[in-house]
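> Dropping a prediction and its sequence here:
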Amino acid sequence: MSDIILALKDVSIYQKENLVLNNISLEIKKGEFVYLIGKTGSGKSSFMKTLYGDLALKEGTGNIVDMDLKTLQEKDIPYLRRKLGIVFQDFNLLPDRTINNNFLFVLKATGWKDESKMTTKIEEVLDKVGMKTKGFKFPHELSGGEQQRVAIARALLNDPELILADEPTGNLDPQTSVEVMKVLQEINKTGRTILMATHDYALILKYPSKTLKCDENKVFEVVQRAM
């Protein structure tokens with residue numbers, strides 16, 4: 001396996017018939033922490049959706065966690081998503097069940113069978129984000145920051161090779177955003193690759209890292225001072 005976790009060459013991304021992003025060529029290596037920035041409507045979400053199989057790749061070549069995005073079939077998407085951890089802005093937790101049962105739902109859906117192994121895994125990922133004692137609570141009993149920590153823990157359940165975080169601090173106040181960012185930084189230090197879409201420039205200045213920008217239908221790397 002190479003150390004390139006994402007490689008795109010001459011990729012164009014469409015929403016239905018509309019061209020959103022054009023002529024993208026980039027690589028992300030294992031262990032990198034990469035920001036994806038750009039104004040609302042610049043194509044960040046479409047870019048992310050292409051990576052996790054929500055939008056089909058029609059033009060160019062793309063390889064993510066050793067899977068070919070161009071030849072990806074409907075039946076391959078659950079397998080792709082097992083190798084990815086996806087964190088959404090609005091948490092996407094099921095409101096009618098506890099955090100533990102939210103996680104059991106994900107594990108069972110991705111093929112886990114052994115109850116004791118599932119319980120151990122849930123405790124392990126909640127512990128990683130400082131939420132070990134909160135598994136019995138329902139989502140509405142947690143603050144926004146706690147819900148986002150839980151959402152990050154959920155993304156870790158299948159030991160993903162790459163975490164795609166789509167505006168994970170978008171609904172959080174500045175202090176809570178920093179706390180969530182620290183969690184992501186710690187996870188990155190364990191060797192996991194993270195691609196994080198954000199428009200929170202304060203966080204980028206506080207935690208500088210490789211930055212890609214969506215602008216005028218392109219995606220390109222930017223140096224921090226030129227943002």
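The structure has been received and is ready for your questions.
> top helix in the chain by residue count?
helix 174-189 (DSSP state H).
> Give me the distance from that one to the chain's centre.
For helix 174-189, the gap between its own C-alpha mean and the chain's C-alpha mean amounts to 14 Å (C-alpha atoms, centre = their mean, to the nearest Å).
> And stretch 162-172, by the same measure?
Using C-alpha atoms, centre = their mean, the offset of stretch 162-172 from its chain centre is 6 Å.
> Could you list the buried residues of it?
Within stretch 162-172, the residues that qualify as buried are 162-169, 171-172, counting by 16 or more other C-beta atoms under 10 Å. Quick note: C-beta positions are derived from backbone N, CA and C, even for glycine.
> mind checking the end-to-end distance for that stretch?
From its first residue to its last, stretch 162-172 covers 23 Å (C-alpha to C-alpha, to the nearest Å).
> Dump the buried residues of stretch 162-172 to TSV, plus secondary structure and distance to N101.
Converted to TSV, the buried residues of stretch 162-172 look like this (DSSP: H, G, I helix; E, B strand; the rest coil; distance: C-beta to C-beta, whole Å):
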residue	secondary structure	distance to N101
L162	strand	26
I163	strand	23
L164	strand	24
A165	strand	23
D166	strand	24
E167	coil	26
P168	coil	22
T169	coil	26
N171	coil	23
L172	coil	24
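> picking that back up, and the angle from the longest helix of the chain to strand 162-166?
Helix 174-189 and strand 162-166 are oriented at 160 degrees to each other (axes from the mean of the first three to the mean of the last three C-alpha atoms, to 10 degrees).
> Please export the C-alpha coordinates of helix 174-189 as PDB.
Taking Å, rounded to 0.1, in the frame of the first residue of the first chain, the C-alpha atoms of helix 174-189 are listed here in PDB:
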ATOM      1  CA  PRO A 174     -15.400  29.700  19.300                       C
ATOM      2  CA  GLN A 175     -14.300  28.100  22.600                       C
ATOM      3  CA  THR A 176     -16.100  24.800  21.800                       C
ATOM      4  CA  SER A 177     -14.600  24.900  18.300                       C
ATOM      5  CA  VAL A 178     -11.100  25.000  19.800                       C
ATOM      6  CA  GLU A 179     -12.000  22.000  22.100                       C
ATOM      7  CA  VAL A 180     -13.300  20.000  19.100                       C
ATOM      8  CA  MET A 181     -10.200  21.000  17.100                       C
ATOM      9  CA  LYS A 182      -7.900  19.700  19.900                       C
ATOM     10  CA  VAL A 183      -9.700  16.400  19.700                       C
ATOM     11  CA  LEU A 184      -9.100  16.200  15.900                       C
ATOM     12  CA  GLN A 185      -5.400  17.200  16.400                       C
ATOM     13  CA  GLU A 186      -4.900  14.400  19.000                       C
ATOM     14  CA  ILE A 187      -6.500  11.900  16.600                       C
ATOM     15  CA  ASN A 188      -4.200  13.200  13.800                       C
ATOM     16  CA  LYS A 189      -1.200  12.700  16.100                       C
END
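> Who are the packing partners of that helix?
strand 33-37, helix 115-128, helix 144-155, strand 162-166, strand 193-197, helix 201-206 (3 or more C-beta pairs under 8 Å, 6 or more residues apart in numbering; DSSP states H and E).
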